[in-house]
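Visitor: Attaching a predicted model along with its sequence, questions to come.
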Amino acid sequence: MTESRYSVIIVGGGIVGLAVALEITRRFPRVRLLLLEKEDHVGRHQSGHNSGVIHSGIYYKPGSLKAKLCVAGAAAMVEFCREHGIPHQICGKIIVATEEEEFPRLEELWRRGIANGLTGLKSIGPEELRQIEPNATGLRAIVVPSTGITNYAAVCDKYAEVITAQGGTILTSHAVRGLKRTANEIVVETNQGAFSTTSLINCAGLFSDRISRMAGDDPQVMIVPFRGEYYDLIPERSSLVRGLIYPVPDPRFPFLGVHFTRRVNGTVDAGPNAVLAFRREGYRRTDINLRDLASSLSFPGFWRMAAKNWRSGLDEFYRSFSKTAFVRALQRLVPAVQPTDLMPGGSGVRAQAVTREGALVDDFKFVPSDRMLHVLNVPSPAATASLMIGRTIVDTASNTLGLQ
Ligand SMILES: Cc1cc2nc3c(=O)[nH]c(=O)nc-3n(C[C@H](O)[C@H](O)[C@H](O)COP(=O)(O)OP(=O)(O)OC[C@H]3O[C@@H](n4cnc5c(N)ncnc54)[C@H](O)[C@@H]3O)c2cc1C
């Protein structure tokens, strides 16, 4: 028995599911759209537990979806924040090399930035670095003036408000538990009844691989959760950092390395690290879910990933338990920071797709299947890029999903 019939159902009310819903309701006002979110509010997971940075696009391989959608998405995000009065600031950021061996990687970032169309990049030495960030130290740095900050939880709330005003329906506290695809409909079973739809878009973040399997598809990847833990600078010491100070990232990983981020509310946080989590929504070190753990351990790609990256994985675990080790990583950028300057902050859990071969999927990944689209890898900078992700999905999938 189904309660109602929709043209399209979106699973997941994070920033990506909401951005897709925003674009569909904007372009196709007559389409009956329903978004189902298992929590009692939208944006409760990755989209509400991130660094709040509007990334510029300097990091990503030219030509990749990440590069294209981040650069255009950052501009669209700033415009959206402006239009809707959401706090944001284009504060710029610096990426700092603290050792000579990082110079080639810094130069590669410069080349990527230019290739991705960023303007205003500046290469600076220690003197200029100190003028911008008096407490930072380094041998060379890149200034990226277009980087900004916002509050993505507030962005999610506004997306939800606009979707509803454009005629879409959002039901929170509705967890999708089953999917049945028949010749002329897809039945979506939830904890509060079933819904029928012509097409479905899976934007379930940390559970997107499970939703794909629920539909009878083979996602070919496993979502592995990586927790990112933050410390906050105590208010008396937040003047140590004026803006955003980042290290040169290790190109083997899709994570940026612990950095300092000033938030739109004026606080400064340090982090996030990237620790393997034993639960998909495991925000604390002690959070373990046996099903999540067993599904990771039974996936061949997990062991291949572990074999390739065990050393850096252990370093991250050590840094998670040892504040001294965490502070040491931060002191490479700002030597004056001391353990007493930091208090425990929040955490977030990244949904990182891993292939059977053990590779961490780098680019965004959208996989179509009969009347469905599975959004299987949208890690950072997907919050920045969300409006462009929504547009791209609607551009490429509106025919196959019957949205015209
Ligand atoms: C620590 C951290 C820092 C980051 N920093 C930045 C940053 O500074 N800038 C940036 O651009 N990006 C950043 N990111 C990345 C960004 O936050 C994510 O890429 C983005 O939020 C992904 O959005 P999403 O909608 O795919 O996922 P989510 O926000 O996780 O949303 C998925 C939703 O699906 C729901 N769901 C799951 N299963 C079901 C089900 N069965 N039924 C119904 N609903 C379901 C969940 O409850 C959830 O609300 C960061 C991420 C993390 C974790």
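Guide: Received the coordinates, thanks. All figures in this text were calculated on a predicted structure; none of them were measured in a lab.
Visitor: phi, psi of the residue of the stretch 101-250 of the chain at minimum distance from the ligand?
Guide: Nearest residue of the stretch 101-250 of the chain to the ligand (C-beta to the nearest ligand atom) works out as Gly205 at 2.8 Å. (C-beta placed from N, C-alpha, C; glycine too.) When read as degrees, to the nearest 10, the backbone of Gly205 gives phi 50, psi -120.
Visitor: Double-check it against Val16; I have them as touching.
Guide: Yes - with contact defined as C-beta atoms under 8 Å, Gly205 reaches Val16; the gap is 7.4 Å.
Visitor: List the residues that are in contact with both of these two.
Guide: With contacts taken as C-beta atoms under 8 Å, 6 or more residues apart in numbering, Gly205 and Val16 have Val378 as neighbours in common.
Visitor: tell me the average confidence for stretch 9-29?
Guide: For stretch 9-29, mean pLDDT rounds to 97.
Visitor: same question, stretch 264-272
Guide: For stretch 264-272, mean pLDDT is 95.
Visitor: Mind listing what's buried along that stretch?
Guide: If you call a residue buried by 16 or more other C-beta atoms under 10 Å, then stretch 264-272 has these buried ones: 264, 268-272.
Visitor: In the chain, which residue sits nearest the ligand?
Guide: Among the residues of the chain, Gly14 lies closest to the ligand, at 2.0 Å counting by C-beta to the nearest ligand atom.
Visitor: which residues sit in contact with that residue?
Guide: Each residue near Gly14 by C-beta under 8 Å, 6+ apart is listed here: 42-43, 45-47, 156, 203, 205.
Visitor: Same question for Val354.
Guide: 221-224, 299, 301-302, 305, 360-361.
Visitor: which residues does it bridge with?
Guide: Met222, Leu360 (DSSP bridges).
Visitor: Numbering from 17 from now on, please.
Guide: From this message on, residue numbering opens at 17, which makes the last subject Val370.
Visitor: and Phe276, what are its bridge partners?
Guide: Taking DSSP bridges as the rule, Phe276 bridges to Ile261, Ala286.
Visitor: What distance do you get for Arg121 to Ala83?
Guide: The gap separating Arg121 from Ala83 is 17 Å, by C-beta to C-beta, to the nearest Å.
Visitor: Between those two, which is the more surrounded one?
Guide: For the pair Arg121 and Ala83, the greater number of neighbours falls to Ala83 (23 against 15), based on other C-beta atoms under 10 Å.
Visitor: count of neighbours near His71?
Guide: By other C-beta under 10 Å, the residues close to His71 number 26.
Visitor: Count the neighbours of the residue nearest to Ile179 when sequence neighbours are not counted for me.
Guide: Using C-beta to C-beta, 6 or more residues apart in numbering and skipping residues adjacent in sequence, the residue nearest Ile179 is Ala37, 4.8 Å away. If you count neighbours by other C-beta under 10 Å, Ala37 ends up with 30.
Visitor: from what I can see Ala37 touches Leu49, true?
Guide: Yes - look at Ala37 against Leu49 with C-beta under 8 Å: they come within range, at 6.0 Å.
Visitor: For stretch 410-420, which outside residues touch it?
Guide: Here stretch 410-420 makes contact (C-beta under 8 Å, 6+ apart) with 23-24, 36, 39-40, 43-44, 47, 214-215, 217, 382, 384, 387-389.
Visitor: buried residues in it?
Guide: 410, 413-414, 417, 419.
Visitor: With stretch 379-388 instead?
Guide: The neighbour-count check on stretch 379-388 (16+ other C-beta under 10 Å) flags 379-383, 385, 387-388 as buried.
Visitor: Check whether it comes near the ligand.
Guide: No - legend: contact between stretch 379-388 and the ligand by C-beta under 6 Å from any ligand atom is lacking; minimum distance shown is 9.2 Å.
Visitor: Tell me the gap between that stretch and the middle of its chain.
Guide: 18 Å (C-alpha atoms, centre = their mean, to the nearest Å).
Visitor: Can you give me the end-to-end span of that stretch?
Guide: 20 Å (C-alpha to C-alpha, to the nearest Å).
Visitor: what do you get for stretch 179-190?
Guide: Start and end residues of stretch 179-190 are separated by 17 Å (C-alpha to C-alpha).
Visitor: tell me the strands in the stretch 267-416 of the chain, going along the chain?
Guide: Ranges of strands in the stretch 267-416 of the chain, per DSSP state E, counting those that start in this stretch, are 275-278, 284-287, 291-292, 358-371, 381-385, 388-393.
Visitor: Distance-wise, check the residue of the stretch 117-266 of the chain closest to the ligand relative to Lys138.
Guide: As judged by C-beta to C-beta, Gly221 and Lys138 stand 36 Å apart.
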